[in-house]
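# structure here, sequence nowhere to be found:
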């Protein structure tokens, strides 16, 4: 069976500090991978999606970036965090190409202070 | 431009009764629709989906109805249970957008014992 891991579970970072969130998927190969953000009381906003290694599309211009150094590893980064980056970050995977259900990780709660 | 809308931010029902969650969309290219359930501080869990070639799909207590002419779908939960209390997200996908999903803002369902 497939599982998706995210870490850390919670993170408190000061404004201007760097960020690195990691996501890995087990039990499948060449998945589509996604990063979402859920701001407080809001829906899910797609930030990045990837259909393969080094194939990443950005949905929303911002100070975040994503990388996929390995087939089942997806990393969300920032060089300098803003207060507005606070939120609940979710990684997801799906069989590709779609349309297929996406399966989500447990999420990372990021608080920028 | 909110292409998927869940106009009711919250819904409260009694245990054993029917819960009806609604979702409207504006993009006529959407042809695959999904419902997710989300508990606080967890990733969303896939519940049920429906293709645009169908108007109904059932899975146990959960039934999704699709009205393409009205660009409307609904999720029925019968009978509702306290454990169903969660935020429910509607999502949609179009062939032209690959596996990307567009999510609604979510509806908080509370099932009272």
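Done, it's in. All of these numbers come straight from a predicted model, not from anything done at the bench.
# would you mind listing what in chain A touches chain B?
Residues of chain A lying close to chain B by CB under 8 Å from any CB of the partner chain are A:6, A:32, A:34, A:42-46, A:49, A:51, A:59, A:88, A:90, A:92, A:94, A:96-107, A:109. C-beta: built from backbone N, CA, C; applies to glycine.
# can you tell me which residue is nearest the centre of chain A?
residue A:35 (3.0 Å; CA atoms, centre = their mean).
# show the pLDDT at that residue.
pLDDT, residue A:35: 96.
# that one is in what secondary structure piece?
Remark: residue A:35 resides in strand A:32-38, with elements defined by DSSP states H and E.
# name the helices or strands packed onto that strand?
Of the remaining helices and strands, those touching strand A:32-38 by 3 or more CB pairs under 8 Å, 6 or more residues apart in numbering or on different chains; DSSP states H and E are strand A:19-26, strand A:44-52, strand A:73-78, strand A:87-94.
# any chance of these in JSON lines, with mean neighbour count and mean pLDDT too?
As requested, these are exported to JSON lines (neighbours: other CB atoms under 10 Å in any protein chain shown; pLDDT from 0 to 100):
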{"stretch": "strand A:19-26", "mean neighbour count": "18", "mean pLDDT": "96"}
{"stretch": "strand A:44-52", "mean neighbour count": "20", "mean pLDDT": "92"}
{"stretch": "strand A:73-78", "mean neighbour count": "19", "mean pLDDT": "96"}
{"stretch": "strand A:87-94", "mean neighbour count": "25", "mean pLDDT": "95"}
